[in-house]
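Peer 1: Structure, please.
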Amino acid sequence: MKNDEGSIMLLGIGMIGVCLLALAVITDSASAFIQQRELQSVADSIALAGAQGIDLEEYYEVGATRSTRLNSSQAQEIAKTYAAAMTADSDTALTGIAVEPDGRSIRVTLTAPLHLTFFDALPFDPVQVSASARLDYAP
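Peer 2: Here you go, the predicted model:
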């Protein structure tokens, strides 16, 4: 039939478009996953650093026992200093950091903007990615 000529070309162009869209979605999904994992790694590191802020007077007096607690102000200061040092050397631009020590544990919550390869050009509100880590001090 003479009227069917060129219909395969339209189908081929449509399939190429669908494949490119699928590639963009897969690439941006992987990028979002990697950025969240990197942020989780930073949160874990900050929590570990903050856990070094134990009550040193009690520690030197009786050693590491069940009564040894975190010094909340010192743990928070150590964690924030470490966070500033970690983010200064990386591409991670944190928009929020919360460090909450309570004497027995320390919780760190980080938020950062999500940077996508293809879909950043679309006129959507910026997407935030967050990660939190909690470390319980138990001698």
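
Peer 1: ok, longest helix in this protein?
Peer 2: helix 7-50 (DSSP state H).

Peer 1: for the protein, what helix or strand is lowest in average pLDDT?
Peer 2: helix 56-62 (a mean of 79; mean pLDDT, DSSP states H and E).

Peer 1: Return the distance of the longest helix of the chain from the chain's centre.
Peer 2: 15 Å (Cα atoms, centre = their mean, to the nearest Å).

Peer 1: Output the contacting helices and strands for it.
Peer 2: Contacts defined by 3 or more Cβ pairs under 8 Å, 6 or more residues apart in numbering; DSSP states H and E place helix 7-50 against helix 72-88, strand 96-101, strand 105-113, strand 128-136. C-beta coordinates here come from the backbone N, C-alpha and C atoms, glycine included.

Peer 1: Deepest-packed of these, please.
Peer 2: Comparing the helices and strands packed on helix 7-50 by mean neighbour count (mean count of other Cβ atoms under 10 Å), strand 105-113 comes out on top with a mean of 20.

Peer 1: what residue is smack in the middle of the protein?
Peer 2: Leu39 (2.1 Å; Cα atoms, centre = their mean).

Peer 1: Quick check: closest non-adjacent residue to that residue.
Peer 2: Counting by Cβ to Cβ, 6 or more residues apart in numbering, Leu39 lies nearest to Ala131, which is 4.2 Å off, once chain neighbours are set aside.

Peer 1: related to what we said a few turns ago, show me which residues of the least confident helix or strand of the chain are buried.
Peer 2: Using 16 or more other Cβ atoms under 10 Å as the test for burial, helix 56-62 gives no buried residues.

Peer 1: Only C-alpha atoms, please: export it in PDB.
Peer 2: Extracted C-alpha coordinates of helix 56-62, given in PDB (Å, rounded to 0.1, in the frame of the first residue of the first chain):
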ATOM      1  CA  LEU A  56      36.100  13.600  80.200                       C
ATOM      2  CA  GLU A  57      36.300  14.300  84.000                       C
ATOM      3  CA  GLU A  58      34.100  11.300  84.700                       C
ATOM      4  CA  TYR A  59      35.800   9.200  82.200                       C
ATOM      5  CA  TYR A  60      39.300   9.900  83.700                       C
ATOM      6  CA  GLU A  61      38.000   9.400  87.200                       C
ATOM      7  CA  VAL A  62      36.100   6.100  86.800                       C
END
